[in-house]
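Asker: sequence unavailable; structure follows:
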């Protein structure tokens with residue numbers, strides 16, 4: 001019924017987030033990346049994935065390049 005549909009949606013959403021998080025991490029492991037590059041790798045809401053990675057112990061620095069352009073760099077892993 002409805003509850004199962006909600007659970008399925010939550011599972012699919014979690015799976016999508018995990019997949020995007022892996023793509024963001026893979027991209028950062030190749031070197032510094034702009035917010036534009038990370039959005040291409042991990043979706044429009046990549047900031048949430050960055051937040052989750054930081055909670056898991058990854059050290060990710062962010063610095064402003066110009067205007068709305070930011071550079072992210074993975075400087076430490078758990």
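Answerer: Alright, I've got the coordinates. Remember, predicted model here, so these are calculated numbers, not experimental data. Numbering: from 1, shown residues only.
Asker: what are the ranges of the strands in the protein?
Answerer: For the chain, the strands defined by DSSP state E cover 33-34, 59-66, 69-76.
Asker: find the centremost residue of the chain, please.
Answerer: Residue closest to the average C-alpha location in the chain (CA atoms, centre = their mean): residue 49, at 2.8 Å.
Asker: isn't it up against residue 16?
Answerer: No: the pair residue 49 / residue 16 is not scored as a contact, 10.5 Å apart, by CB atoms under 8 Å. Every residue, glycine included, has its C-beta placed from N, CA and C.
Asker: list the buried residues in the lowest-mean-pLDDT helix or strand in the chain.
Answerer: Least confident helix or strand, the chain: helix 2-29 with a mean of 90, by mean pLDDT, DSSP states H and E. Across helix 2-29, burial judged by 16 or more other CB atoms under 10 Å covers 17, 20, 21, 23, 24, 25, 27, 28.
Asker: helices or strands up against it?
Answerer: helix 35-42, helix 46-55, strand 69-76 (3 or more CB pairs under 8 Å, 6 or more residues apart in numbering; DSSP states H and E).
Asker: to residue 62, which of the ones you listed lies closest?
Answerer: Closest approach to residue 62 among the helices and strands packed on helix 2-29 (CB to CB): strand 69-76, 5.3 Å.
Asker: tell me the strands beside that closest one, with direction?
Answerer: Strands that pair with strand 69-76, judged by DSSP bridges, come out as strand 33-34 (antiparallel), strand 59-66 (antiparallel).
Asker: for it, which outside residues touch it?
Answerer: The contact list for strand 69-76 (CB atoms under 8 Å, 6 or more residues apart in numbering) reads 25, 28-29, 31-36, 38, 50, 58-65.
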